[in-house]
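*Asks:* A structural model of the following input is requested.
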Amino acid sequence: MSADEIDVYAICEIDDIALGEAKAFDLSRVTEEGEARPFRIVIIRTGASDFAGYVNACPHQGTWLNIGGGEFFNKDGTRLRCGRHGSLFDIESGVCVEGKCEGKHLEPIALAVVGDDVCLCGVKLVEEDVRPFPYDDFDDTMEIMISPD
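*Replies:* Below you'll find the model as predicted:
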C-alpha cells in the first residue's frame, strides 16, 4: 500500500442508525505485528448524513460505554455516558465533561459517508473470508448407495 492509500471499510448503511441514536460494532483490527485484536467502536448519528465515532472504551478503566443496560446516552440524550461509573462525554468532541475521567477524551475514529455507507477510515480490519456454500462442488445429480443388509 502506498503512503497515500487509506484503508476504508463499510461498517453499516446510513439508515441502520436513526438520527440521534448510537450503535456498537464489534470488529477485529490488525496490529502492526499482524495479529488480530478486538476493536469495539460506537457510531453516533448526529445529523442527516453526519456521524461521530469512538472506540467503545471509557478512558477511566477501558470498560464499554454501554456496559450494563446497553445504553450509550444519559437520560436526556445530550451526552454519551459510561455505564459503569456514569462519566459523561460530549458527543461531538468525546471530551469527558463530568465524572472520574473529567478532561480526558474518548478515542476518536475517522468516519466517512460513501454513498449510503458509513465507513471506517485509516484502521486495518480483519476481513472475514466469504464461506462457500458447502454443496457448491456438487453437480445436480445425487449418488445413492444401497447396502444389501
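*Asks:* what's the spacing between the spatially most central residue of the chain and residue 7?
*Replies:* In the chain, the C-alpha nearest the mean C-alpha coordinate belongs to residue 25, at 3.0 Å (Cα atoms, centre = their mean). Here residue 25 is placed at a distance of 15 Å from residue 7 (Cβ to Cβ, to the nearest Å). For the C-beta atoms, the positions are set from N, CA and C on the backbone; glycine is no exception.
*Asks:* where in the protein is pLDDT low?
*Replies:* 1-4, 129-149 (pLDDT under 70).
*Asks:* Please, where are all the strands along it?
*Replies:* 8-13, 22-30, 36-45, 51-55, 79-81, 88-90, 96-98, 110-114, 117-121 (DSSP state E).
*Asks:* Please identify the most buried of the ones you listed.
*Replies:* strand 79-81 (a mean of 23; mean count of other Cβ atoms under 10 Å).
*Asks:* where's the residue nearest to residue 58 when sequence neighbours are not counted relative to residue 40, distance?
*Replies:* Residue nearest to residue 58 in three dimensions, not counting chain neighbours: residue 82, with 4.1 Å by Cβ to Cβ, 6 or more residues apart in numbering. As judged by Cβ to Cβ, residue 82 and residue 40 stand 14 Å apart.
*Asks:* Does residue 39 touch residue 120 like I think?
*Replies:* No: the pair residue 39 / residue 120 is not scored as a contact, 9.1 Å apart, by Cβ atoms under 8 Å.
*Asks:* shared neighbours of the two, anything?
*Replies:* residue 27 (Cβ atoms under 8 Å, 6 or more residues apart in numbering).
*Asks:* What's the local residue count around the closest residue to residue 14 other than its chain neighbours?
*Replies:* On the basis of Cβ to Cβ, 6+ apart, the spatially nearest residue to residue 14 that is not a chain neighbour turns out to be residue 116, at 5.4 Å. Residue 116: 12 surrounding residues under other Cβ atoms under 10 Å.
*Asks:* could you measure the residue nearest to the centre of the chain against residue 87, distance?
*Replies:* From residue 25 to residue 87 the distance is 21 Å (Cβ to Cβ).
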